[in-house]
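Have a look at this prediction, sequence included:
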Amino acid sequence: MIRTLAAFAAFAAASASAAELRDYAYAFAIETPAGVASGAWRIDLDPAVYAWVRDPALRDIAVFNADGKPVPCARIAAEPGMEARERIEAVPMLALPTGTSEAGGDLRLLIERDARGRLRRLDAGDASTTNPVERAWIVDASGLDGGIERLVLAWDEPASGVVARFEISAGDDLEHWRRVGEGSVLSLREGDARLDRNDVALPDVRAKYLRLRRVDDGEALRGLRASVRVIEHAASAPTRRWIDARPVELPPDERASASAQYAYALPAALPVEQARIELADDNALAALTLAAREGDAWRELARFTAFRVRSGQDTLRNGDVDLAAARRLDAFRLAARTPLASPPRLAFAFRPDRFVFLAEGAAPYRLAVGSATARRPDYPLEAALASLRASRGKDWQPPQATLGPGRASGGDAALQPPPAPTPWRQWLLWGVLALGAALVGAFALSLLRERKP
């Protein structure tokens with residue numbers, strides 16, 4: 001490991017001799033936890049950093065130590081086997097006997113399990129207590145190996161006119177429960193318009209069982225079944241962050257278009273993965289098209305129906321929209337077939353890019369960003385991390401550092417392209433031609449003077 005790090009340091013010194021802090025427009029302080037010593041650190045970028053980036057590949061980002069010397073730094077991706085994975089998985093769902101669904105009540109039931117250890121039957125031992133109208137259920141999530149982000153419900157009947165609200169609790173022993181969320185599902189039809197929402201968001205719940213209790217008095221849902229959206233988060237994978245897009249004015253030539261359009265902008269070009277659109281008024285419905293600017297052209301990202309329906313004290317909204325692939329975008333348009341009373345709220349989820357740097361030289365370290373000329377060398381950082389994992393364990397990851405306040409370094413001057421080089425050869429050629437023309441003119445003039453007498 002020592003030989004690998006020594007060779008790496010030699011590579012860094014040889015490849016970074018031309019890089020200086022003033023070659024970058026802005027610099028952010030890197031803050032590390034007190035009392036933690038490490039040979040490598042990881043940083044997640046935030047919108048303030050993206051605002052200064054000029055290179056699409058993020059090569060104009062570097063890390064400098066307290067002596068103003070660049071240190072080995074590279075952009076990394078999650079480990080192939082450690083990436084966050086999402087999947088929808090069906091789970092067993094059993095109706096609870098009457099009297100066991102009260103909040104805070106314990107379940108003291110006869111439990112029967114299948115060969116995989118999952119619940120197959122719940123019995124209170126008294127058939128007279130069973131209510132034919134099911135109002136509470138147990139979802140067996142004991143076979144899952146990730147966090148539950150969303151509960152998805154489906155039913156056979158009724159096909160329309162459904163607005164059902166549920167309270168959801170989680171537990172590991174069928175006796176002790178903690179409330180983890182609540183939400184409504186709906187299925188409404190009116191003419192050609194159709195509104196469906198059959199999922200309830202949960203805060204990355206990790207438990208063996210979920211308890212559902214229906215709190216409204218609507219018609220029973222026959223054939224109710226459940227599945228869950230499971231996300232396996234790696235400890236080193238950056239988590240999603242949400243940021244609101246700011247409404248901006250449309251250009252004058254687009255304000256009188258046939259469809260209603262609304263323009264939005266992010267503070268920087270971010271790698272967006274998901275969009276959240278919320279209508280501003282109750283009992284509103286709109287067919288929307290979301291587009292983003294890529295270069296000089298606008299490209300459609302998604303088409304969907306947004307709604308906001310008031311049901312008693314609850315407000316039901318459309319779900320979030322998954323985008324095809326994460327791309328760095330900053331300008332967006334929402335187009336509606338009919339004008340809305342108020343512009344919708346638009347927000348995006350993005351997963352920040354991650355960088356790792358070696359703690360070479362004295363702290364504090366600074367993250368420099370934004371340059372028209374400076375580009376970070378291709379450091380073989382994976383070799384150094386592999387050496388560190390060999391001594392600290394295969395699952396070791398560099399500890400997390402955070403970005404502190406920033407200040408100007410090279411300023412706007414670092415973002416200006418360098419002046420075009422002086423065309424010496426072209427000037428020399430024109431000079432030779434001019435000199436040759438002058439010599440020819442002088443020779444012709446001398447001949448004319450000789451003939452005159």
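Structure's in. What do you need?

which one's the longest helix in the chain?
Identified as the longest helix of the chain according to DSSP state H is helix 424-451.

Mind listing what's buried along that one?
By 16 or more other CB atoms under 10 Å, helix 424-451 has no buried positions at all. Just so you know, the C-beta spots here come from the backbone N, C-alpha and C atoms, and that holds for glycine as well.

and what of stretch 171-186?
171, 174, 177, 180-181, 183-186.

Out of the residues you listed, which one has the weakest pLDDT?
Looking at the buried residues of stretch 171-186 by pLDDT, the weakest one is Leu174, with 79.

can you tell me which of the buried residues of stretch 171-186 are in strands?
171, 180-181, 183-186 (DSSP state E).

Report the contact partners of Ala77.
Arg354 (CB atoms under 8 Å, 6 or more residues apart in numbering).

how close does it get to Asp353?
9 Å (CB to CB, to the nearest Å).

how close does Cys73 get to Ala284?
In terms of CB to CB, Cys73 sits 48 Å off from Ala284.

who's more crowded, these two?
Cys73 (26 against 16; other CB atoms under 10 Å).

I'd say that one and Tyr379 touch.
Yes - under the contact definition of CB atoms under 8 Å, Cys73 touches Tyr379, with a separation of 6.5 Å.

what about Gly68, neighbour count?
The burial count for Gly68: 12, using other CB under 10 Å.

ok, it touching Glu20?
Yes - between Gly68 and Glu20 a contact is recorded at 7.1 Å, counting by CB under 8 Å.

per-domain residue ranges of the chain.
2-79+353-415, 85-232, 241-350 (automatic domain parsing).

okay, those domains, which one's buried deepest?
Most buried of the domains of the chain, by mean neighbour count (mean count of other CB atoms under 10 Å): domain 2-79+353-415, with a mean of 17.

what about the nearest residue to Thr289 once chain neighbours are set aside, which SS state?
Counting by CB to CB, 6 or more residues apart in numbering, Thr289 lies nearest to Ala335, which is 4.5 Å off, once chain neighbours are set aside. Under DSSP: H, G, I helix; E, B strand; the rest coil, the three-state class of Ala335 is strand.

now Ala335, which residues is it bridged with?
Assessed by DSSP bridges, Ala335 has beta-bridge partners Gln261, Thr289.

ok, it touching Ala286?
No - judged on CB under 8 Å, Ala335 makes no contact with Ala286 at a distance of 10.0 Å.

Tell me which of the domains of the chain lies nearest to Leu445.
domain 2-79+353-415 (51.0 Å; CB to CB).

so how far is the closest one off the chain centroid?
Taking CA atoms, centre = their mean, to the nearest Å, one finds the center of domain 2-79+353-415 at 21 Å from the center of the full chain.

Show me the helices in the stretch 301-450 of the chain, by range?
Using DSSP state H, counting those that start in this stretch, the helices of the stretch 301-450 of the chain run over residues 381-392, 424-451.

In JSON lines, list those helices along with mean pLDDT.
Formatted as JSON lines, the helices of the stretch 301-450 of the chain follow (pLDDT from 0 to 100):
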{"stretch": "helix 381-392", "mean pLDDT": "79"}
{"stretch": "helix 424-451", "mean pLDDT": "74"}
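
what's the closest of those helices to Ile277?
Closest among those, using CB to CB: helix 381-392, at 39.0 Å.

which helices and strands sit right next to that closest one?
Secondary structure elements in contact with helix 381-392, counted by 3 or more CB pairs under 8 Å, 6 or more residues apart in numbering; DSSP states H and E, are helix 2-15, strand 40-44, strand 73-76, strand 354-358.

just to revisit the earlier point, Ala265: which of the ones in strands among the buried residues of stretch 171-186 is nearest?
Looking across these and measuring by CB to CB, the closest to Ala265 is Gly183, at 31.1 Å.

Could you pull up the residues touching the closest one?
Gly183 neighbours (CB under 8 Å, 6+ apart): 165-166, 168, 199-201.

just Asp46 next, same as before
Contacts of Asp46 (CB under 8 Å, 6+ apart): 352, 403.

do the same with Asp60
24, 53-54, 369-371, 374-376.

ok, and the closest non-adjacent residue to it?
Ser371 (4.3 Å).

where does the chain have low pLDDT?
Low-confidence segments of the chain (pLDDT under 70): 1-19, 78-85, 97-134, 232-237, 253-259, 419-424, 448-453.

what are the bridge partners for the spatially most central residue of it, then?
Relative to the mean C-alpha position of the chain, the nearest C-alpha, by CA atoms, centre = their mean, is the one of Phe350, at 1.8 Å. Note on Phe350: beta-bridge partners Arg241, Val272, judged by DSSP bridges.

That'll do, ta.
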